[in-house]
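Q: any chance you could fold what I've pasted below:
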Amino acid sequence: MLAVTAQAALYRDPAVFEAERRGVFSRAWQFLGLEADLGQPGDYIAETLAGFPIVAVRGNGGELRAFHNVCRHRAGPLVGDAAGHCGGEFVCKYHGWRYALDGRLRSATAFGAAEGFDPRDYGLFPVKAEAWRGFVFVNLDLGAAPLMDTVAPLDALLGNRPQPSTVLRRSHPIGCNWKVYVENYLEGYHIDAVHPALAEEVDAARYAVRMEGAIAVHEVPATAGAAEGVWAWMYPNLAFNLYKGVVMVEHMRPLGAHRTQLDYVYLHEAGDPQIEAAIETSERLTREDVWICERVQENLDAGIYSAGVLSPRHENAVAWFQARNAALLAAG
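A: Okay, the predicted model is just below:
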């Protein structure tokens, strides 16, 4: 049976993006940062994930906790930086309400006597947090299944690969809906046309993508270059790209119906000369993908194209992704 693509309107309508925030991203495990940045009690990392400001902190007993970065008074931020140290408590940047690292309201600073006000009713909004291989993940759904249920295929793929300790970061804005970029990532059909240099370094005709749970594993024989020929993507918007001597984490962060940000974390050993080749290859591929994805978005916005068809040979993961999104949105 011929597989038809998702409708173009799903990549354009702000109301669809709002529905995805609630139906997709609030139910999925989301990458937040590196556990190495949470070495001591009071160390925190913070990020906005699909419009949800989140902060994770190392608790006084060494436990990992996470909360919405939202004060219960008038929605001020608890922290203003992407990483830092808050000591033994969070202090709202707006009116100074103070919270213990377990989320309890310690003091409604200078609030005054108010009948019916019980501080126990105004603790922080909690978020589920877990770490895996030094990566911190959060899930807004407190009843979500454990992180390992999702990452098990990825854990098996990485096997005994050591975790490099040196970190380098890059970010790239891209003017397209997040799904346009994800779907581009989920197939190798475009390699010959969009990535000519990569096409000379791999056997694109043998490019294969297989789904294992929520993980799409990409494999292609690599004959030259920096890439190992293995990529792995985790629903809904995270990838692990393996280069020689380098692990690159690629976070495809939606910022709106027409805006996405690609956040890259390169992990490598200090002094390893292979990092330069990995970055050069990665940056080239990104430039090429940004160009084509922005052109696709322009064409979707033009209103001429409404839907297309998917190749059963090359776009099985795209079909899976679109079906999963549709099911989650239908569930409300």
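
Q: what mean pLDDT does the top helix by length along the chain get?
A: Once the chain is assigned using DSSP state H, the helix that runs over the most residues is helix 274-302. Averaged across helix 274-302, pLDDT comes to 97.

Q: all helices of this protein, in order?
A: All helices of the chain, identified by DSSP H, fall at 14-20, 147-158, 178-185, 191-194, 196-201, 274-302, 316-331.

Q: dump those helices to TSV, plus distance to Asp81 and mean neighbour count.
A: Yep, even glycine has a C-beta here, placed from its N, CA and C like the rest. As requested, the helices of the chain are exported to TSV (distance: least, CB to CB, whole Å; neighbours: other CB atoms under 10 Å):
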stretch	distance to Asp81	mean neighbour count
helix 14-20	27	16
helix 147-158	25	16
helix 178-185	25	23
helix 191-194	37	15
helix 196-201	37	14
helix 274-302	26	16
helix 316-331	32	17
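
Q: neighbouring strands for the helix or strand of the chain with the lowest mean pLDDT, and are they parallel or not?
A: Ranked by mean pLDDT, DSSP states H and E, the weakest helix or strand in the chain is strand 3-4, scoring a mean of 90. Next to strand 3-4 in the sheet, as set by DSSP bridges, lie strand 309-310 (antiparallel).

Q: now the partner strand: how far from the chain's centre is it?
A: 26 Å (CA atoms, centre = their mean, to the nearest Å).

Q: now that strand: average pLDDT?
A: For strand 309-310, mean pLDDT is 98.

Q: about what we covered before: elements contacting the longest helix of the chain?
A: strand 166-174, helix 178-185, helix 191-194, helix 196-201, strand 238-243, strand 246-256, strand 259-268 (3 or more CB pairs under 8 Å, 6 or more residues apart in numbering; DSSP states H and E).

Q: can you redo these as JSON lines with distance to Ile215 and mean pLDDT?
A: Shown next, in JSON lines, are the helices and strands packed on helix 274-302 (distance: least, CB to CB, whole Å; pLDDT from 0 to 100):
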{"stretch": "strand 166-174", "distance to Ile215": "23", "mean pLDDT": "96"}
{"stretch": "helix 178-185", "distance to Ile215": "13", "mean pLDDT": "98"}
{"stretch": "helix 191-194", "distance to Ile215": "21", "mean pLDDT": "97"}
{"stretch": "helix 196-201", "distance to Ile215": "22", "mean pLDDT": "95"}
{"stretch": "strand 238-243", "distance to Ile215": "9", "mean pLDDT": "96"}
{"stretch": "strand 246-256", "distance to Ile215": "14", "mean pLDDT": "97"}
{"stretch": "strand 259-268", "distance to Ile215": "18", "mean pLDDT": "97"}
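
Q: got those as CSV, with distance to Val217 columns?
A: Listed next are the helices and strands packed on helix 274-302 as CSV, based on distance: least, CB to CB, whole Å:
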stretch, distance to Val217
strand 166-174, 24
helix 178-185, 13
helix 191-194, 16
helix 196-201, 18
strand 238-243, 10
strand 246-256, 15
strand 259-268, 19
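
Q: figure out which of the ones you listed is closest to Met1.
A: Closest to Met1 of those, according to CB to CB: helix 178-185, at 19.8 Å.

Q: what does that closest one rub up against?
A: Residues from elsewhere that reach helix 178-185 (CB atoms under 8 Å, 6 or more residues apart in numbering): 6, 10-11, 174, 190, 231, 233, 236-237, 239, 252-254, 260, 262, 289, 292-293, 296-297, 300, 318, 321-322, 325.

Q: now could you export just the CA positions of it as CSV?
A: C-alpha atoms of helix 178-185 as CSV (Å, rounded to 0.1, in the frame of the first residue of the first chain):
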residue,chain,number,x,y,z
TRP,A,178,11.2,20.8,13.7
LYS,A,179,9.6,17.9,11.9
VAL,A,180,11.0,19.0,8.5
TYR,A,181,14.5,18.7,10.0
VAL,A,182,13.8,15.5,11.8
GLU,A,183,12.4,13.8,8.7
ASN,A,184,15.4,14.9,6.7
TYR,A,185,17.6,13.2,9.4
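
Q: gap between it and the chain center?
A: Its chain's average C-alpha position is 13 Å from that of helix 178-185, according to CA atoms, centre = their mean.

Q: stretch 125-138 now?
A: Using CA atoms, centre = their mean, the offset of stretch 125-138 from its chain centre is 12 Å.

Q: give me the mean pLDDT for that stretch.
A: On average, stretch 125-138 scores 98.

Q: only alpha carbons, please: show that stretch as CSV.
A: Output of stretch 125-138 as CSV, limited to C-alpha atoms (Å, rounded to 0.1, in the frame of the first residue of the first chain):
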residue,chain,number,x,y,z
PHE,A,125,6.3,21.9,40.0
PRO,A,126,8.3,18.7,39.8
VAL,A,127,9.7,17.0,36.6
LYS,A,128,11.0,13.5,36.3
ALA,A,129,14.8,13.3,35.9
GLU,A,130,17.2,10.5,35.2
ALA,A,131,20.8,10.1,34.0
TRP,A,132,22.2,7.7,31.5
ARG,A,133,25.9,7.4,30.5
GLY,A,134,26.5,10.9,31.8
PHE,A,135,23.5,12.5,30.0
VAL,A,136,20.7,14.1,31.9
PHE,A,137,17.2,13.5,30.7
VAL,A,138,13.9,14.9,31.9
